[in-house]
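> what shape does this take:
(one chain, ligands or ions: 1)
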Amino acid sequence: MTDKLLPLREQIDTIDAQILDLLARRGRIAQEVGHVKAETNAPVFRPEREAQVLRGVAERNPGPLNSRDVQTIFREIMSSCRALEKRVTVAYLGPSGTFSEQAVYQQFGSAIETLPCISIDEVFRATEAGTADFGVVPVENSSEGAINRTLDLMLATTTVISGEISIPVHHSLMTKTGSMDGVTVVCAHSQALAQCQVWLNLHHPGIERRAVASNAEAAVLASQDATVAAIASEMAGEQYQLGVVQAHIQDDPHNRTRFAVIGSLEAGPSGRDHTSIVLAVPNKAGAVYKLLAPLARHGVSMTRFESRPARVGTWEYYFYVDIEGHLRDAAVARALDELKDNAAFFKVLGSYPQSL
Ligand SMILES: O=C(O)C(=O)C[C@]1(C(=O)O)C=C[C@@H](O)C=C1
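Numbering: from 1, shown residues only. Got it, this is the predicted structure:
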């Protein structure tokens, strides 16, 4: 057995040495890129370039490694190279262990500084004030719909969207002991409670459900009190040393949450982008239909349409619209120019690479 392993391990050692040399070369070039950027005051984080690199490695991947895994490796390589230029700080809805934190690492890799915030408002504030270079906020959940606070703040603040992240959301029921004996209350964020209500009604109909600020906070509470069960990610459970009573209790097995990267950076075109806009129309019959007509005329696909009541006027709404393409694509630019003319209100939230 050992005789057979030895020559294989020698080959792996040789390859590892080559990988290390190549990584060092890549790192030195990233340092040069950093100097060029510093001279011209250009942004260090270039989401469109990172998206192209990650799409490229998946397309060229010869196997046998899985493309997702290869992307994870390259994301970390770019994250480390980026950190040689500048280590970016990313604010997110904390505490540590939330799905937001998972989204942060999925977008930026782990060579970053993180700033856990107590609310979505705080993430926007830290990002606008420059305490963080970027913020990551939840935008919508596939089973629960829009995160209204995020939509309102996107409208009210000057932040721009420069990226989107989509992650599978799997909830687990967890306690200090790994059993439900003596448990009197299940704590979770209101969204998570809603996403697991069918399962809870079926398996624990009599136990009180209490909404708390985040699933990670629920995990903290459960770690301190054996009468409390938490619904949270297994990542949060591990962090707070909880035992899993039941994994994957969300009612929709394909449950996903979409996050936005916010900041002051305007991402360039990556070849596969989304653009988010907010609109309002005069309160007249057929106004929304007329407003959106330029999209169809210029062959621009709409991928999302969401409405929010405006704070003024009883029947007035803001429409949050996502389209395919980048502001700098000719068809998108022409469609939005026409659309703007008919809108009572028009704001571009940003153009950014589509999530992987
Ligand atoms: O191409 C750049 O602009 C770089 O800074 C290099 C690099 C990389 O490591 O590939 C690092 C950071 C950027 O976000 C994009 C790419």
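
> where's the closest residue to the ligand within the chain, which helix or strand?
The nearest approach of the chain to the ligand comes at residue 81, 3.4 Å away (CB to the nearest ligand atom). In short, each C-beta sits where N, CA and C put it, glycine included. Using DSSP states H and E, residue 81 sits within helix 67-85.

> wait, residue 221 touches residue 231, no?
No: applying CB atoms under 8 Å as the test, residue 221 and residue 231 come out as separate, 11.4 Å apart.

> between those two, tell me which one has more neighbours.
In terms of neighbours (other CB atoms under 10 Å), residue 231 is the more surrounded of residue 221 and residue 231; the figures are 28 against 19.

> before we move on, which element is the more buried one in?
Secondary structure from DSSP H and E places residue 231 in strand 228-232.

> now residue 6
Assigned by DSSP H and E, residue 6 belongs to helix 2-40.

> after that helix, which helix or strand is next? Please name it.
helix 47-60.

> what strands line up against the strand holding residue 231, and which way round?
Sheet pairing of strand 228-232 (DSSP bridges) gives strand 172-175 (antiparallel), strand 185-188 (parallel).

> quick one: name the residues of this protein near the ligand.
Neighbours of the ligand within the chain, by CB under 6 Å from any ligand atom: 30, 33, 45-46, 49-50, 53, 78, 81-82, 85.

> let's have those in CSV, adding neighbour count and pLDDT.
What follows is those, written out as CSV (neighbours: other CB atoms under 10 Å; pLDDT from 0 to 100):
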residue, neighbour count, pLDDT
30, 18, 98
33, 17, 97
45, 23, 97
46, 20, 98
49, 14, 98
50, 23, 98
53, 16, 98
78, 21, 98
81, 20, 98
82, 22, 98
85, 19, 97
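
> and the furthest pair within the residues you listed?
Maximum pairwise distance in those, criterion CB to CB, is 14.9 Å, between 53 and 85.

> related to what we said a few turns ago, from residue 171, how far off is the residue of the chain closest to the ligand?
Distance, residue 81 to residue 171, by CB to CB, to the nearest Å: 35 Å.

> just the element for the closest residue in space to residue 295 that isn't next to it in sequence, please.
Of all residues not flanking residue 295 in the chain, residue 335 sits nearest, at 5.2 Å (CB to CB, 6 or more residues apart in numbering). Here residue 335, judged by DSSP H and E, is contained in helix 330-342.

> packing partners of the next helix or strand after that helix?
Where DSSP H and E defines the elements, the next helix or strand beyond helix 330-342 is strand 345-353. When contacts are defined as 3 or more CB pairs under 8 Å, 6 or more residues apart in numbering; DSSP states H and E, strand 345-353 packs onto helix 47-60, strand 160-168, strand 273-280, helix 330-342.

> dump these to CSV, plus distance to residue 192.
Below are the helices and strands packed on strand 345-353 laid out as CSV (distance: least, CB to CB, whole Å):
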stretch, distance to residue 192
helix 47-60, 28
strand 160-168, 14
strand 273-280, 25
helix 330-342, 36
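
> of all the ones you listed, which lies closest to residue 310?
Set against residue 310 and scored by CB to CB, these come closest in strand 273-280, at 6.6 Å.

> mutual contacts of residue 221 and residue 231, please.
residue 187 (CB atoms under 8 Å, 6 or more residues apart in numbering).

> which residue ranges make up the domains of this protein?
89-169+256-263, 172-246, 273-353 (automatic domain parsing).

> OK, contacts around the residue nearest to residue 295?
By CB under 8 Å, 6+ apart, residue 335 lies in contact with 294-295, 297-298, 300, 323.

> try it again at 7 Å.
Counting by CB atoms under 7 Å, 6 or more residues apart in numbering, residue 335 touches 294-295, 298, 300.

> what of residue 334?
Contact analysis of residue 334 by CB under 7 Å, 6+ apart lists residue 298.

> then the one 5 residues further on?
Shown here is residue 339, whose contacts under the criterion CB under 7 Å, 6+ apart are 291, 294.

> got it, and the one 4 residues further on?
With contacts taken as CB under 7 Å, 6+ apart, residue 343 has the following neighbours: 279-281, 291.

> now for those residues: which two are most distant?
Using CB to CB, the contacts of residue 343 span at most 9.2 Å, a distance reached by 280 and 291.

> tell me the bridge partners for the closest residue to residue 347 other than its chain neighbours.
The shortest distance from residue 347 to any non-neighbouring residue, by CB to CB, 6+ apart, is to residue 278 (4.7 Å). Beta-bridge pairing for residue 278 (DSSP bridges): residue 320, residue 347.
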